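In: Got a predicted model here, sequence first, then my questions.
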Amino acid sequence: MNIAVLGAGSWGTTLAVLLAKKGYQVRLWAHRPEFASKLEAERENRRYLKGIHFPETLQVVSHLRDLVSWSEMIVTAVPSQALRETLLGFSDIPLDGKIVVNVAKGIEIGTGKRMSEVLLEVLQGLQASQVAALYGPSHAEEVSKEQPTTVVASSSSITTAEKVQEVFHTSMFRVYVNTDIIGVEIAGSVKNIIAIASGISDGMGFGDNAKAALITRGLAEISRLCIKLGGDAVTLSGLAGIGDLVVTCLSRHSRNRYVGEEIGRGRSLDEVISSMNMVAEGVHSSRSVYELSRAVGVEMPITKAVYEMLFEAKPVPQAILDLMTRDPKQERD
């Protein structure tokens, strides 16, 4: 199988290496030609994944249209807010028989669309049965070192999900399947916002009680939005739900938790972002999910608080106080 991986960040590079090691012919697409040439010459991604060397069956290219035509499976690993622009570069190319696997986590700003919805809207002739999401607790830093990891491949077509499972599954990268792509995408996107909140808690010097509360009540917010949009709440007890939420809120590898921690220590969002060389998807998702929650009438107080701290300069202590002093509720509310 010929596999195209679009996006040469840490996660795209990691998956390209994983697939190439399995013996597939893999081509990794980098947006900037000079970066593609650098990766091809150095045979590792020293900017995002230093020390992980490329197998011989992995090539790095910058010609998008030729790559898409060549491929049988396309893995989209560009940042969520750049997905539409990337897809427009080959939206007229026939995709009959191809499978598109999205691994970017986020909700599009302005439209409120999940990534699979963006794929189906932009790519002409693409059917829902050709689209899958590969989500779960899977930091690139660990997967690239072949540390044990489990994820879920989700598609409305169980046949497609199982094909993705077959392609990606290794002895150290275990892939499960389900057909609830709505629940998987919502969970995988909103958890980044809760991770920012968890980081803010760390930055403020709060303890385990606060962290547990954020994870638990964050999961309640994810559940409300998931059900409202047609997802299955059972999905949230799985890898894309509680699994990804826990790892992102607790891990030292989490860029979203890091952003929150720095905000909690008093730095501005602009200061934090300018010091990073990788995207923290939760920053953009804080805006898009907050707007989506208002549009569909779902109460998400943690998401609202994160949005206000990031984009409305609400003081962190005031945001925390407002969260804690809301009207008492039943736990199921």
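Out: Done, it's in. Residues are numbered from 1 along each chain as shown.
In: now residue 101, what's its secondary structure?
Out: Counting by DSSP: H, G, I helix; E, B strand; the rest coil, the backbone at residue 101 sits in strand.
In: what about the closest residue to residue 279 other than its chain neighbours, distance to residue 15?
Out: Spatially, and ignoring its direct neighbours in sequence, residue 279 is nearest to residue 79 (4.6 Å; Cβ to Cβ, 6 or more residues apart in numbering). To be clear about C-beta, it is placed using only N, CA and C from the backbone, and glycine gets the same treatment. Here the distance between residue 79 and residue 15 works out to 15 Å (Cβ to Cβ, to the nearest Å).
In: higher neighbour count, those two?
Out: For the pair residue 79 and residue 15, the greater number of neighbours falls to residue 15 (26 against 17), based on other Cβ atoms under 10 Å.
In: one step back: next, the contact list for the residue nearest to residue 279, please.
Out: 7, 9, 104, 106, 279, 281 (Cβ atoms under 8 Å, 6 or more residues apart in numbering).
In: Just the buried subset of the residues you listed, please.
Out: Among those, those classed as buried by 16 or more other Cβ atoms under 10 Å are 7, 9, 104, 106, 279, 281.
In: wouldn't the second one be in contact with residue 279 here?
Out: Yes: look at residue 9 against residue 279 with Cβ atoms under 8 Å: they come within range, at 7.4 Å.
In: Could you check how far the residue nearest to residue 279 is from residue 175?
Out: In this structure, residue 79 lies at 23 Å from residue 175, with Cβ to Cβ as the measure.
In: and what of residue 47?
Out: Taking Cβ to Cβ, one finds residue 47 at 28 Å from residue 175.
In: okay, these two: which has more neighbours?
Out: residue 175 (21 against 16).
In: That one contacts residue 161, correct?
Out: No: if you go by Cβ under 8 Å, residue 175 and residue 161 don't touch, sitting 9.1 Å apart.
In: what do the two both touch?
Out: Residues touching both residue 175 and residue 161 by Cβ under 8 Å, 6+ apart: residue 153.
In: Check what pLDDT the residue nearest to residue 279 gets.
Out: Residue 79 is assigned 95 on the pLDDT scale.
In: Residue 58 now?
Out: pLDDT at residue 58 comes out at 98.
In: partner residues bridging it?
Out: Per DSSP bridges, the residues bridged to residue 58 are residue 26.
In: Could you list which residues are in contact with it?
Out: Listed by Cβ under 8 Å, 6+ apart, the contact set of residue 58 reads 16, 17, 20, 26, 27, 28.
In: For the residues you listed, which entry has the maximal number of neighbours?
Out: Within the contacts of residue 58, residue 16 tops the neighbour count with 31 neighbours, counted by other Cβ under 10 Å.
In: So it sits against residue 5, correct?
Out: Yes: if you go by Cβ under 8 Å, residue 16 and residue 5 touch, sitting 4.2 Å apart.
In: what touches both of these two?
Out: Taking Cβ under 8 Å, 6+ apart as the criterion, residue 16 and residue 5 both touch 26, 28, 75.
In: Quick check: phi and psi on the second one?
Out: Spelled out, it's residue 28. Backbone torsions for residue 28, taken as degrees, to the nearest 10, come to phi -100, psi 130.
In: Quick one, which of the buried ones among the contacts of residue 79 has the minimum pLDDT?
Out: Checking pLDDT across the buried ones among the contacts of residue 79, the minimum falls on residue 279 at 75.
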